[in-house]
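Peer 1: Got a predicted structure plus its sequence, pasted below:
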Amino acid sequence: MNVHTMTAPADERYEPPRPFAEQANVSDPGIYEEFEDEWPDCWERAAALLDWHREHDRVLDDANAPFYEWFPGGELNAAYNCVDRHIEAGRKTQAALKWEGKRRETRTYTYQDLYGEVNEAAAALRDLGVEEGDVVTIYLPMIPELPITMLACARIGAPHSAVFAGFSADALATRMESADSEYLITCDGYYRRGNAFNQKSKADNALMALDREVTTVVVDRLGPDLDHGLDAGQYDYGELLFAHAGATVDPVPREAGDMLFLMYTSGTTGEPKGITHSTGGYLSYAAWTSRAVLDLEPEDTYWCSADIGWITGHSYTVYGPLALGTTTLLYEGTPDYPDRSRLWEIVERNAVDVFYTAPTAIRAFMKWGEEYPDGHDLSSLRLLGTVGEPINPRAWNWYREHIGGGDCPVVDTWWQTETGGMMVTTLPGVSSMKPGSAGPPLPGIGARVVGEDGSPVDPGETGYLVVDRPWPGMFRSLYGDDERYRDEYWEPFSEGDDWVYFSGDGAKVDEDGYITVLGRVDDVINVSGHRLGTMEIESAIVDIEGVAEAAVVGGDHERDGTAVHAYVSTDHSHEPSEALRERIVASVEEAIGPFARPEAVVFTPELPKTRSGKIMRRLLENIANQEPLGDTSTLRNPEVVGEIEATDDEL
Ligand code: 6R9
């Protein structure tokens, strides 16, 4: 756990600025108590933000806990809620999506445009054979076709599985295999710092590794800059749309509990987990939190800088904002290309009202200096948010002051792929903010910090972050693995019929009930907001000839929060070498993607082990972070510690 730099002066707090509170969607502090009194009926308020094809019979059915049914009996379509109904409400000329491309291209889709293209794409997918319930994998960078094809899938009731475009061919193949997916939507390529990068060849390599027929749709992002030859079973997206010009498809009514999408995330074993999300509960919760926490209104231009390939982009670039009829901005590039003013230039030009990003990005802005934001008019901003990792008070204050001009509330939102939406954060028009602490659980959310025995810890003490009541945005299960769902998330802290969800995070709570999230307590590390399983990285390393054993831990990193540190021992016939180090890095990039690349590879004759033969990862983490090692007497091989420390110092 990364605890240093986390402590803010105990008395540092800010009240919601009055002008903000006066216009906020939620401004009555009584909401916390109302939700307690009405629970679970309080969640009617979330469901009421949507249009239902059939009203639900009950709010919650917990007969088969921890497999909860939210809004049973209800039927709805997510694409209808995110597109059609806003047109019916007379807002067809309002911008739904604004896209800012890497080469300064811009595209705006009104709700009417979005309706047209979502329908054409839905009709095309149907013609290719996609039926209700079929999983469609989407492997696209941040281009409009990513949210558009997600919505097209939702329209015909086909769950989508978006795989972050930076994942390798191997990682894509594993995810398609695991999801039994026979459809893939990808593109020719995209620009990386001005150069054409071939995405389709990665997709083709993944397809070769799969032993099933896959129908593939290819979006032409690069035009003449990259020729994307189409093989049998591969179709050009633009041609498909043209062939279905003007087509419409009736939105398929889905049961509230039907899968809207699945999203793979890293867990404590080498196998990525397919988190499945429902249609009714998930969409209600994404809309509710977008309204209550991000304070979104249809009039807003809102920008979440996360990639849609991760959960944040699903809930807070696509589903939440579009369900509320907001204008959502999509940016294809990186914050420093072509220069470090790029984001602020986009905020200024589009008069962005609400901005949501990650602490890693904020720490980079801070390092570059305030001259970049200072050179732009950011006065349109009225609310700022962060997500993905703990934010240190210094970065929080810098964000508030230099991006928010001192008068925007900042919401630090804790949540996970599994939770579907925000769980712990302040309400920006209600609660005081304490830099470095996410805040209290949202109304109706049973987030608690408990000790090993499951009882609440005292203020100031460290414990585990759990959730002791279900919530509408919660995942339904793991794709094809109910047992692992039960074992990993519910077994550790549940007793009898009291089901308690375990988040995998460590946390502290203060006298006011504000929760400070410290980081993962399992074998998951969070590198600049990308969640990585240490086991996945280790298995890519031990696959290499000459490697005997590997242990991966998170080392503190000034900008990214955490960086990948790999400790590796070679077998008797191999010596550590620069070539081996390069093979290790390449193998991780191939198995997962460049974003998982180890920052440090430390060769050691042996890994520190307990007497029972378990690798002591905690010790390696302390070494990586130059922290006190504590008790090493339980080690079978205490002498290796000194050797590793000596090597690590040379880095
Ligand atoms: C939404 C998302 C989840 C993990 C989570 C925790 C960390 C997220 C945080 C935070 C401290 C916050 N995390 N938000 N830690 N403060 N505000 O990021 O989902 O990719 O599944 O990661 O991210 O460790 O367990 P996901």
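Peer 2: Yep, it's here. What you see is a predicted model; the values in this text were computed from it and never measured. Numbers count the residues shown, from 1 in each chain.
Peer 1: quick one: pLDDT of Asp11?
Peer 2: Asp11 carries a pLDDT value of 71.
Peer 1: can you confirm it is in a helix?
Peer 2: No: the assignment for Asp11, made by DSSP: H, G, I helix; E, B strand; the rest coil, is coil rather than a helix.
Peer 1: any idea where the helices of the stretch 1-150 of the chain begin and end?
Peer 2: Ranges of helices in the stretch 1-150 of the chain, per DSSP state H, counting those that start in this stretch, are 18-23, 31-38, 44-47, 78-79, 85-88, 111-127, 145-156.
Peer 1: Using CSV, write out the CA atom coordinates for the second one.
Peer 2: The one in question is helix 31-38. Output in CSV follows, covering the C-alpha atoms of helix 31-38 (Å, rounded to 0.1, in the frame of the first residue of the first chain):
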residue,chain,number,x,y,z
ILE,A,31,-30.6,12.9,1.0
TYR,A,32,-28.3,10.6,3.1
GLU,A,33,-31.0,10.1,5.7
GLU,A,34,-33.8,9.8,3.2
PHE,A,35,-31.9,7.0,1.4
GLU,A,36,-31.4,5.1,4.7
ASP,A,37,-35.0,5.4,5.6
GLU,A,38,-36.3,4.3,2.2
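Peer 1: Ala591: what's it in contact with?
Peer 2: Counting by C-beta atoms under 8 Å, 6 or more residues apart in numbering, Ala591 makes contact with 168, 170-171, 536-537, 539-540, 543. (Glycine included, C-beta is placed from N, CA and C.)
Peer 1: Report the separation between Gln94 and Leu283.
Peer 2: 20 Å (C-beta to C-beta, to the nearest Å).
Peer 1: Pick out the residue closest to the middle of this protein.
Peer 2: Ile311 (3.3 Å; C-alpha atoms, centre = their mean).
Peer 1: how much space is there between it and the ligand?
Peer 2: Per C-beta to the nearest ligand atom, to the nearest Å, Ile311 is found 5 Å from the ligand.
Peer 1: wait, doesn't that residue sit right on Phe261?
Peer 2: No: with contact defined as C-beta atoms under 8 Å, Ile311 does not count as touching Phe261 (9.8 Å).
Peer 1: Give me the three-state assignment for the residue in the stretch 501-650 of the chain that the ligand sits nearest to.
Peer 2: Nearest residue of the stretch 501-650 of the chain to the ligand (C-beta to the nearest ligand atom) works out as Val517 at 3.6 Å. Secondary structure state of Val517, per three-state DSSP, is strand.
Peer 1: related to what we said a few turns ago, among the helices of the stretch 1-150 of the chain, which is nearest Glu100?
Peer 2: helix 145-156 (13.9 Å; C-beta to C-beta).
Peer 1: As JSON lines, the helices of the stretch 1-150 of the chain with distance to Thr462 and mean neighbour count would be great.
Peer 2: Output for these, formatted as JSON lines (distance: least, C-beta to C-beta, whole Å; neighbours: other C-beta atoms under 10 Å):
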{"stretch": "helix 18-23", "distance to Thr462": "33", "mean neighbour count": "12"}
{"stretch": "helix 31-38", "distance to Thr462": "25", "mean neighbour count": "14"}
{"stretch": "helix 44-47", "distance to Thr462": "32", "mean neighbour count": "20"}
{"stretch": "helix 78-79", "distance to Thr462": "39", "mean neighbour count": "26"}
{"stretch": "helix 85-88", "distance to Thr462": "46", "mean neighbour count": "18"}
{"stretch": "helix 111-127", "distance to Thr462": "46", "mean neighbour count": "22"}
{"stretch": "helix 145-156", "distance to Thr462": "39", "mean neighbour count": "27"}
